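A.B. asks: Return atomic coordinates for the entry below.
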Amino acid sequence: MKSPSTQRAAKAVGRNVSQETMDEEASALDDLRPDLKAAIDGHGLPHAWPEAARREARRPGGKVKPAETSQRRDLRDLPFVTIDGEDAKDFDDAVFARREDSGDWTLFVAIADVSHYVAVGGALDLEAQNRGTSVYFPDFVIPMLPEELSNELCSLKPRVDRLALACEMRIAADGEMLDFSFHEAVIHSHARLTYNQVAAMTQPATDSRLKQKALRRYEDLRGNLDDLHELFKILRKHRATSGSIEFETVETRIALDAGGAVREIVPVERNDAHRMIEECMLCANVAAARLLLESGMPALYRVHQGPDEEKLADLREYLRGLGLTLKGGGEPRPADYQRLLARLAGRPDRELLQTLLIRSLSQAVYQPENIGHFGLNFPRYAHFTSPIRRYPDLLVHRAIRYLIRNRAHPAARAADGAPKLSRGKIYPYNSFAMEELGEFCSTAERRADAAGYQSVNWLKCEYMRDHLGDEFDGIVSAVTGFGLFVRLKDIYIDGLVHISTLGDDYYHHDPVQHFLEGERKGVIFRLGDPVKVQVISVLPEEQKIELRLAQANEKAGNGGPGAEHKRQGKRDGKREARRNRFPGRAGKRNSDGRDRRGSAKGRGRR
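C.D. replies: Next up, the predicted model:
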């Protein structure tokens, strides 16, 4: 028989909603951009709020009440700040750091106390659980929580009191975490800062005009920001020394005009302010995982397994042809990956090789069994820092608040007079319920990612409609049995050169060495080859951009990074067995034309 907590989880997953809510969702789609309609409907994303959930979200009102702060640690005098993007509306984390006389550091990470407002088993909780995560699209978001909470009471806005769950950490001069504690707190953010403002104030050689403007406005915070920046450098160095993998892939932002059309596609430049917040969040997530593990509470951990054995063997065979080596034998360590990444610096195919390294690893997931996080090289890790937009973080908050109120761990510290909370009220979950919730939240995360990619691909197709017939320089970004994916230079869009357009030949596909080779003419197309292509077809509904090689390239394909390792004559029997034979012009079209790249890293996603 299922426990009450498991029944709650099953109910949310099944989403027992009213006909009124379903009608509202259907009508809401009519007002959205075509890419959003397709993504939301195609992936079954819940996006309308049941009226009962709305009522619960409105119930607390718009202000923190004095009675709510009396049994919390008062941290309002500390100059916390939030640091986010220019267009952010929900501020769920605030930070403060100071250097102690001993040479150690004290770091505070305060996270909006969503668990105070979202009651276990209520309509709002069930809807948040069903969504699992906020879903982000260009210029649009489906939040996990209604805006009455996510953009108001649970947003750490400047110059207003907000309830928070605070993690206080003592950091050694070399970056090692010496101690930590968690507190129910009330804070008063001193400023809402942007990444660019903080980078301008703390980094040399930045925009001098922005720097002077920011310094004039936030002169009283300059010392605190300098301390944060100094601590960031220490934490980053300590993590690098420990062997954490640091992928630096190019992320892009799609800028839309007022009518929803793509204006431009630009790379997102990460600066030290982005990395500063990331290091602070990693510290708090590690502390949360340590607390949960030591307490013995059933909880969700963010886990990441090492590389798959078969993928690892294929990766190494490909790297060998490039004169590169991934060390570590059958069980490479994160440090082995990081050393290889260091060797890729300056190579024109660096980003493509990074993608192959990422694909050799498993996806991070949520589960109650802690097996550590391979990529970060952490023996324990949990998601604590984003309960506004991730349901696993909300579950972690509930567990920590239970430990705080019941004085169940030395690092879980209750304020004087704070009453106990029963487990049935705040954390009625057993291990079986955690397992179900972990599987569901992992699936919800993948669903959100897939929907986001579909929207982005649709918009890229719309953008390319204006370029039908145009020629572009590009690079082969993936090689498949049905053709070549080519990334267009400077606009960060991939399209497909179908195998049927490559010429009158039969092509052998080597999935390990990432190339297509013509049987009769010997023309080879491989990963990383520079090519010139022409746009011949764009189908947004199918997220498909079709290309063909420009005239000058039709007999090309023997150049590009690492070309020399392909001209080796006959392959050994093992490699030959892995090949597939694909016809050229007479072949059957079987491509879905999708961009097959791995997912990009977001704030605190790992």
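A.B. asks: which other residues reach stretch 410-428?
C.D. replies: Defining contact as C-beta atoms under 8 Å, 6 or more residues apart in numbering, one finds that stretch 410-428 is touched by 4-5, 8, 70-73, 115, 120-121, 179-184, 287, 291, 294-295, 297, 398-407. For the C-beta atoms, the positions are set from N, CA and C on the backbone; glycine is no exception.
A.B. asks: Filter those down to the ones in helices?
C.D. replies: In this view, the contacts of stretch 410-428 that belong to helices under DSSP state H are 4-5, 8, 287, 291, 294-295, 398-405.
A.B. asks: tell me which of those is nearest to residue 461?
C.D. replies: The shortest distance between residue 461 and any of the ones in helices among the contacts of stretch 410-428, using C-beta to C-beta, involves residue 8 and amounts to 41.2 Å.
A.B. asks: what pLDDT does the closest one get?
C.D. replies: Residue-level confidence at residue 8 comes out at 43, pLDDT.
A.B. asks: ranges for the helices of the stretch 151-300 of the chain?
C.D. replies: Counting by DSSP state H, counting those that start in this stretch, the stretch 151-300 of the chain has helices at residues 195-202, 208-217, 222-242, 272-295.
A.B. asks: Which one of those has the poorest average confidence?
C.D. replies: Looking across the helices of the stretch 151-300 of the chain, the weakest by mean pLDDT turns out to be helix 208-217, at a mean of 83.
A.B. asks: which residues touch that one?
C.D. replies: Residues outside helix 208-217 that contact it (C-beta under 8 Å, 6+ apart) are 196, 197, 198, 200, 201, 222.
A.B. asks: And stretch 158-166, by the same measure?
C.D. replies: With C-beta under 8 Å, 6+ apart as the test, stretch 158-166 has contacts from 63-64, 68-69, 72-73, 75-76, 82, 94, 108-113, 115-116, 153-156, 182-192, 397, 400-401.
A.B. asks: Now render the helices of the stretch 151-300 of the chain as JSON lines, adding mean neighbour count and distance to residue 319.
C.D. replies: JSON lines is the format used below for these (neighbours: other C-beta atoms under 10 Å; distance: least, C-beta to C-beta, whole Å):
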{"stretch": "helix 195-202", "mean neighbour count": "22", "distance to residue 319": "35"}
{"stretch": "helix 208-217", "mean neighbour count": "14", "distance to residue 319": "42"}
{"stretch": "helix 222-242", "mean neighbour count": "17", "distance to residue 319": "22"}
{"stretch": "helix 272-295", "mean neighbour count": "22", "distance to residue 319": "28"}
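A.B. asks: In JSON lines, list those along with distance to residue 31.
C.D. replies: Shown next, in JSON lines, are those (distance: least, C-beta to C-beta, whole Å):
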{"stretch": "helix 195-202", "distance to residue 31": "32"}
{"stretch": "helix 208-217", "distance to residue 31": "37"}
{"stretch": "helix 222-242", "distance to residue 31": "42"}
{"stretch": "helix 272-295", "distance to residue 31": "33"}
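A.B. asks: Looking at these, which is nearest to residue 135?
C.D. replies: helix 272-295 (20.5 Å).
A.B. asks: Can you name the element that comes right after that closest one?
C.D. replies: Reading on from helix 272-295 to the C-terminus, the next helix or strand found by DSSP states H and E is strand 301-303.
A.B. asks: Quick one: mean pLDDT over that next one.
C.D. replies: Model confidence over strand 301-303, given as mean pLDDT, is 98.
A.B. asks: Can you tell me how far the residue of the chain positioned farthest from its centre is from residue 511?
C.D. replies: Most distant from the centre of the chain: residue 520, at 44.8 Å, with distances by C-alpha atoms, centre = their mean. Counting by C-beta to C-beta, to the nearest Å, the separation of residue 520 from residue 511 is 21 Å.
A.B. asks: repeat for residue 478
C.D. replies: 11 Å.
A.B. asks: and what of residue 147?
C.D. replies: Taking C-beta to C-beta as the measure, residue 147 falls 46 Å from residue 511.
A.B. asks: which one of the contacts of helix 208-217 sits closest to residue 58?
C.D. replies: Minimum distance to residue 58 across the contacts of helix 208-217 is 33.2 Å, recorded for residue 197 (C-beta to C-beta).
A.B. asks: residues near residue 442, how many?
C.D. replies: In terms of burial, residue 442 registers 20 neighbours under the definition other C-beta atoms under 10 Å.
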